[in-house]
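**Q** Here is a sequence with its predicted model. Questions after.
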Amino acid sequence: MQKIKLNDGIEMPILGYGVYLVDPSITERCVLDALSVGYRSLDTAQYYENEAMVGAAVRASGIPRDEIFITSKLCQTRPSYAQAKENVKGSLRRMKLDYLDLMLIHWPMGNDSDIWLAFEDLVKEGYLRSIGVSNFYPETYEALVKNASVIPAVNQIETHVFYQQRPMVELMARYGTAVESWGPLAEGLNGIFTHPVLTEVGNAHGKTAAQVALRFLIQQGIIVIPKSVHKERMIQNMDVFDFELSEDEMAAVRRLDTGHNLEGWPADALRYNP
């Protein structure tokens, strides 16, 4: 498994397993399947309501805790500093873990500086190893880092072949923040699994369109967390490290960028309040 070194020196697998929209009733089984085929990075969130099942799978797997990189996300609306700290500890209690490898602010809350200060202190206290954000765009990201002592290690945003986020990728590179893609397979939209360009490129390497879509992001140093509830698809999603796209192939995939998202999120995620 290829790893990426975050700006705090922590190494994170560049490909992980995401559990968004995985029903809690099958989450433990799915995570155990993912771990059994080699995944060592797991992405959950309080909002997904399956943190406990992820933790149960980690314990049941028998894999040493320090070999698994676990991410969760805070989604409490406008918590105070103290509430944010307790909120994170709530995730740890649900997962029955002593620490998290990465904790993200799930989306801008409007009092992000208070949350971020809580995150920074939780790192000092040993509850978190790395901290970052999710769905932060230029205005909200730069407002956060303006007074931060620690620059976010990761910004998890919608990123895939149809919405390549090149301006955001460039902005994050300037700050040293890694881009992590949620929805790296575009949630199956735009015919991604049978797209003629991706299929043609894949045929040249003996790979599927989905594998090309993942490889395109990984080759740019973008972290991906594809989701599947099927073990054979999990294996296929991991099988992307034995080929490389040529510059012409990368250019062909770059031309698929529509410049807008597919998931309906507004440009400024601050306005998103589920």
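**A** Done, it's in.
**Q** How many residues are close by the residue lying closest to Tyr39 once chain neighbours are set aside?
**A** Nearest residue to Tyr39, sequence neighbours excluded (C-beta to C-beta, 6 or more residues apart in numbering): Tyr17, at 4.4 Å. C-betas here are computed from N, CA, C, even on glycine. Tyr17 has 27 neighbours, counted by other C-beta atoms under 10 Å.
**Q** pretty sure Tyr17 is touching Val31, no?
**A** Yes. Tyr17 lies in contact with Val31 (C-beta atoms under 8 Å); the separation is 6.9 Å.
**Q** Now do the shared contacts for the two.
**A** Leu42 (C-beta atoms under 8 Å, 6 or more residues apart in numbering).
**Q** Would you agree Met1 is in contact with Tyr17?
**A** No. Met1 is beyond contact range of Tyr17, at 11.5 Å (criterion: C-beta under 8 Å).
**Q** Geometric centre of the chain: which residue is closest?
**A** Residue closest to the average C-alpha location in the chain (C-alpha atoms, centre = their mean): Glu180, at 4.6 Å.
**Q** can you pull up the bridge partners for that one?
**A** Legend: beta-bridge partners of Glu180 under DSSP bridges are Gln156, Ile223.
**Q** All the helices of the stretch 101-250 of the chain, residue numbers only.
**A** Using DSSP state H, counting those that start in this stretch, the helices of the stretch 101-250 of the chain run over 112-124, 138-145, 166-175, 196-205, 209-218, 231-238, 247-254.
**Q** Point out the most buried one among these.
**A** Burial of the helices of the stretch 101-250 of the chain is given as mean neighbour count (mean count of other C-beta atoms under 10 Å); helix 209-218 ranks first at a mean of 25.
**Q** Distance from the chain centre to that one, please.
**A** For helix 209-218, the separation from the chain centroid amounts to 15 Å (computed by C-alpha atoms, centre = their mean, to the nearest Å).
**Q** any weak-confidence spans in this structure?
**A** Within the chain, the ranges that satisfy pLDDT under 70 run 263-274.
**Q** If we use 90, what do you get?
**A** Low-confidence segments of the chain, defined by pLDDT under 90: 1, 21, 75-77, 110, 147, 187, 189, 260-274.
**Q** if we can go back for a sec, might one say that the residue nearest to the centre of the chain is in contact with Pro226?
**A** No. Taking contacts as C-beta under 8 Å, Glu180 lies outside contact range of Pro226: 11.9 Å.
**Q** so Gln219 makes contact with Glu244?
**A** Yes. Counting by C-beta under 8 Å, Gln219 touches Glu244, with 6.8 Å between them.
**Q** The residue nearest to the centre of the chain: what's it in contact with?
**A** Gly132, Val154, Asn155, Gln156, Ile157, Thr159, Ile222, Ile223, Val224, Ile225.
**Q** neighbour-wise, which of those leads?
**A** Most neighbours among the contacts of Glu180, by other C-beta under 10 Å: Gln156, with 28 neighbours.
**Q** residues in contact with that residue?
**A** Contacts of Gln156 (C-beta under 8 Å, 6+ apart): Lys73, Leu104, Gly132, Val133, Ser134, Asn135, Glu180, Ser181, Trp182.
**Q** Gly16 too?
**A** Gly16 makes contacts with Tyr39, Arg40, Ser41, Leu42, Asp43, Phe69, Thr71, Ile223, Val224, Ile225, as judged by C-beta under 8 Å, 6+ apart.
**Q** ok, these vs Pro196, which is closest?
**A** Val224 (22.2 Å; C-beta to C-beta).
**Q** what about that closest one, distance to Ile26?
**A** To Ile26, Val224 is 22 Å away according to C-beta to C-beta, to the nearest Å.
**Q** Ok, Gln83 next?
**A** In this view, Gln83 and Ile26 are 31 Å apart by C-beta to C-beta.
**Q** And for Val229?
**A** According to C-beta to C-beta, Val229 stands 6 Å off from Ile26.
**Q** Look through the protein and tell me its longest helix.
**A** helix 81-95 (DSSP state H).
**Q** Hmm, Leu6 is touching Asn155, no?
**A** No. Between Leu6 and Asn155 there is no contact under C-beta under 8 Å: 11.4 Å.
**Q** Which residues are in contact with each of those two?
**A** Ala178.
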